[in-house]
Each structure stands twice: as C-alpha cells, then as structure tokens.
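Colleague: got a structure for you, letters missing:
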C-alpha cells in the first residue's frame with residue numbers, strides 16, 4: 001500500500017493547488033461527486049461549525065468555488081487531500097482491473113484523517129471497505145445488545161415530547177432548531193425500527 005504523503009493541514013497557495021488538482025482530475029470525478037452528494041443535504045456528516053470552518057479555509061486559500069461546481073464539491077475535494085497523491089496514483093494504473101476496494105480504502109483513510117483534525121469520527125458507512133477488505137464486525141452478546149436497545153428506547157418519551165414541541169414551530173427556523181429536528185427524526189426512525197424488530201422476534 002502506498003503511504004499517505006499529503007495531510008489536509010496545508011494552507012494558502014498549496015491548499016488551493018491541491019484542491020484544484022483533485023477537482024480537475026477526471027479519475028476522481030465520480031468519487032468527489034458521490035462525496036459531494038453526502039455533504040449536500042440534511043444528512044450531511046459535517047456539523048455546521050466544521051463545514052463553516054472548512055469553507056473559510058477554502059475561501060482564504062483563493063479557490064474559485066463557483067468555477068469548480070460549488071461549495072460541497074470543493075469541500076469533498078478538501079476532505080480527500082490526506083490521500084490525494086495515493087488516489088491519483090491508483091487511478092492512473094489503468095492496467096489494474098479492480099481498484100475499487102483500494103480507492104474506497106484510501107477514501108476512508110482520507111476522511112478519517114481529515115475529520116480527526118476537527119475531533120470527529122468517520123461515519124459508520126465509511127468505516128469499512130467493500131468486498132470484505134475492511135474491519136470485520138465484532139459480535140456482542142445477545143444480553144448486552146438487548147440492554148443497549150432497552151437503554152436507547154428509555155429516551156423515547158423525551159424525543160416524542162421534543163417532536164411535539166417541534167410540530168408547533170415553523171419549519172423554516174434557525175440552524176439549531178434544524179439540527180435538533182434532524183436529530184429527533186433520526187432517533188425516532190431508529191426507535192421505530194428497533195420496536196419493529198422486537199415485535200417480529
């Protein structure tokens with residue numbers, strides 16, 4: 001495996017050059033597009049304050065955001081910088097038939113390093129690669145799993161109460177309310193799935 005040669009902690013002209021290099025590389029277009037979609041929406045894995053900080057870094061570096069497809073595309077490129085050189089090297093080896101698992105591994109490493117800079121963990125969907133090349137799942141005893149579910153569902157009345165309050169508020173509110181709304185929605189969705197499984201069992 002190629003070693004990581006670039007860290008996201010670059011600034012100024014160097015940051016501008018590397019972001020634009022990633023954005024202009026045809027071999028990374030699909031990878032950046034997919035990541036862009038993950039960032040542009042209510043389910044974005046970037047907290048608002050972290051996104052704002054990255055935007056400031058990109059802007060201060062002088063990247064022409066509008067010329068490169070918008071903010072989320074530029075942020076996606078920014079997050080891939082830690083393994084950019086390795087990604088480019090792998091993408092250039094056209095004789096290699098299946099580089100997808102390697103690309104996914106490098107993408108995950110890049111996200112892990114970029115997000116750790118802000119004290120964040122990589123989202124679960126990026127924690128492993130396809131085709132069994134990533135970390136294996138660790139099984140936990142049934143009793144512990146059941147206890148976890150019970151403790152999780154103990155908070156259901158609180159979140160239902162929050163939902164009642166949110167229902168009285170206009171939908172187009174400030175960012176804090178939007179984040180709480182998203183959190184409550186995710187919790188209730190998970191709780192519904194867990195309760196559904198209990199009924200099936």
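Modeller: Arrived safely. These figures come from a predicted structure and were not determined experimentally.
Colleague: and the helices in this structure?
Modeller: Taking DSSP state H, the helices of the chain run over residues 12-24, 29-39, 48-61, 71-79, 84-92, 100-116, 142-153, 156-167, 175-200.
Colleague: and of the ones you listed, who's closest to residue 126?
Modeller: Within the helices of the chain, the stretch nearest residue 126 is helix 100-116; the backing value is 5.0 Å (CB to CB). No exception for glycine: its C-beta is placed from N, CA and C like everyone else's.
Colleague: can you give me the buried ones in that closest one?
Modeller: Buried residues in helix 100-116, counting neighbours by 16 or more other CB atoms under 10 Å, are found at 102-115.
Colleague: now do stretch 112-128
Modeller: 112-115, 122, 126, 128.
Colleague: circling back: just name the most buried of the helices of the chain.
Modeller: By mean neighbour count, with neighbours taken as mean count of other CB atoms under 10 Å, helix 71-79 ranks first of those at a mean of 24.
Colleague: domain assignment for the chain?
Modeller: According to automatic domain parsing, the chain comprises the domains 12-126, 142-195.
Colleague: circling back: export the helices of the chain to CSV and tack on mean pLDDT?
Modeller: Shown next, in CSV, are those (pLDDT from 0 to 100):
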stretch, mean pLDDT
helix 12-24, 90
helix 29-39, 92
helix 48-61, 93
helix 71-79, 95
helix 84-92, 85
helix 100-116, 88
helix 142-153, 85
helix 156-167, 91
helix 175-200, 80
